[in-house]
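# coords please:
(2 chains)
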Amino acid sequence: MPATVQLVEKNGAGGTPTDKTSGNIRFKNADNSTVDLNNPMVVPSAPGFDYSFEKWLRLNVTGGSYSQITNVRAYSDGSNGMGTGVEVYAKAVATYATPAEATATTGYTNFFTYTSGAALSLGAGPFTSTGEKGDHLVMMLRVSEAASAGLTPSETLTLAWDEI
Amino acid sequence: MSDPVPFELLEQDGYRVATNGTRSLLMPLDEPGRVFRRRGLKGVGMAAPGAAVLPMLNGLAGDLVTRLDMPPAELAARLAEIAAVASPPPPQPVEWAVAELDGVRVYLDGETVVVTRKDLMP
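Residues are numbered from 1 along each chain as shown, chains lettered A, B, ... in the order given. This is a model prediction of the structure:
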């Protein structure tokens, strides 16, 4: 039986994981995994940006029978469907840190430049046994004054890995 | 749509085998190649369906307040539109078997076979 794999969102100083495999990730101005309307992103009234708190996501193997996982990658569909003035950025980070409110895009790359043909590597591996594997996928959302108020359309991400 | 069946990897009768019980991909053991699974989770949401539904519901409620006599057909159509948005496709597991030999890869997703030197992703 192949590995049983989750995508978890980690929050707080201890990195408490929440399974988001079938759920949704909501960018907000707070460090929690709750999908609600609290702590929303704010459209700046003057030229500038509102940055979300970071989202720390990671592959988590909970069971199954496999030898090793390699080549973990994340990517988008290549098209930003979040609307004008709303951008999503991503980077790979090995060691967990308490999610903080981002202040700049330094070190990040526009997530929508990561596609199936040019994905973000989250670790070559090999990874074995159960538990969290590979680098964290750290994402944040930035809203500019050009954005419309209200709720943004949905977007999705894809995770892929090799396994024997 | 049901989830695809993961491929099992085994060695049998002189072959490396990847099989999902319906389709199999085989490579002789004496070939200097490899057979592996390429798996994925496609379409993890970065916004909840409720986020899209809420303004539609608010809009409909606002319209109903001023148009309680909204024609049933129009009301039903609006509700159907909301229902459609409320049910986005869930994240879809992806299960491929891949055989690689001399830089050429054969990808099998359970139905379709692709032969290429490219590193294809789900």
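
# next structured bit after the longest strand seen in chain A?
Across chain A, the longest stretch assigned as strand under DSSP state E is strand A:131-144. Of the helices and strands lying after strand A:131-144 in sequence (DSSP states H and E), the nearest is strand A:156-163.

# and that next one, what does it pack onto?
Applying 3 or more C-beta pairs under 8 Å, 6 or more residues apart in numbering or on different chains; DSSP states H and E, one finds that strand A:156-163 contacts strand A:69-75, strand A:131-144, strand B:34-45. Backbone N, C-alpha and C define where each C-beta goes, glycine included.

# Quick check: buried residues in the second one?
In terms of neighbour count (16 or more other C-beta atoms under 10 Å in any protein chain shown), strand A:131-144 has its buried residues at A:132-143.

# circling back to that earlier point, of all the helices and strands packed on strand A:156-163, which lies closest to residue B:73?
Checking the helices and strands packed on strand A:156-163 against residue B:73 by C-beta to C-beta gives strand B:34-45 as the closest, at 31.7 Å.

# is whichever helix or strand comes after the closest one up against chain A anywhere?
Under the assignment DSSP H and E, the closest C-terminal helix or strand after strand B:34-45 is helix B:49-66. Yes: Helix B:49-66 lies within reach of chain A by C-beta under 8 Å from any C-beta of the partner chain, at B:49-52, B:54-55.

# Of these, grab the buried ones for ChimeraX.
The ChimeraX selection below is limited to those of those classed as buried (16+ other C-beta under 10 Å):
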select /B:50,51,52
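
# farthest-separated two in the residues of helix B:49-66 next to chain A?
Across the residues of helix B:49-66 next to chain A (C-beta to C-beta), the longest gap, 12.2 Å, separates B:49 and B:55.

# Does the residue nearest the centre of chain B have any beta-bridge partners, and if so which?
Closest to where the C-alpha atoms of chain B average out (C-alpha atoms, centre = their mean) is residue B:92, at 3.4 Å. Counting by DSSP bridges, residue B:92 forms beta bridges with residue B:42.

# That one contacts residue B:44, doesn't it?
No: Residue B:92 lies out of contact with residue B:44 (C-beta atoms under 8 Å); the separation is 9.7 Å.

# any idea how far the nearest residue to residue A:63 once chain neighbours are set aside is from residue A:37?
Of all residues not flanking residue A:63 in the chain, residue A:4 sits nearest, at 4.4 Å (C-beta to C-beta, 6 or more residues apart in numbering or on different chains). Using C-beta to C-beta, to the nearest Å, one gets 32 Å for the distance from residue A:4 to residue A:37.

# now swap in residue A:154 and tell me
For residue A:154 relative to residue A:37 (C-beta to C-beta), the value is 15 Å.

# do the same with residue A:58
26 Å.

# Equivalent analysis for residue A:137, please.
Here residue A:137 is placed at a distance of 25 Å from residue A:37 (C-beta to C-beta).

# Need the residues of helix B:49-66 next to chain A in TSV (columns: pLDDT).
Shown next, in TSV, are the residues of helix B:49-66 next to chain A (pLDDT from 0 to 100):
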residue	pLDDT
B:49	72
B:50	75
B:51	74
B:52	75
B:54	83
B:55	83
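
# As CSV, the residues of helix B:49-66 next to chain A with distance to residue A:93 would be great.
As requested, the residues of helix B:49-66 next to chain A are exported to CSV (distance: C-beta to C-beta, whole Å):
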residue, distance to residue A:93
B:49, 29
B:50, 30
B:51, 27
B:52, 30
B:54, 33
B:55, 34
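
# Of the residues of helix B:49-66 next to chain A, just say which sits nearest to chain A.
residue B:51 (4.2 Å; C-beta to the nearest C-beta).

# Packing partners of the lowest-mean-pLDDT helix or strand in chain B?
Across the helices and strands of chain B, mean confidence by mean pLDDT, DSSP states H and E is lowest for helix B:49-66: a mean of 86. On a contact count with 3+ C-beta pairs under 8 Å, 6+ apart, helix B:49-66 meets helix B:72-85.

# Now do the helix it packs on and helix B:49-66, the angle between them.
If you take axes from the mean of the first three to the mean of the last three C-alpha atoms, to 10 degrees, helix B:72-85 sits at 160 degrees to helix B:49-66.

# Before I go, just wanted to say thanks for your time.
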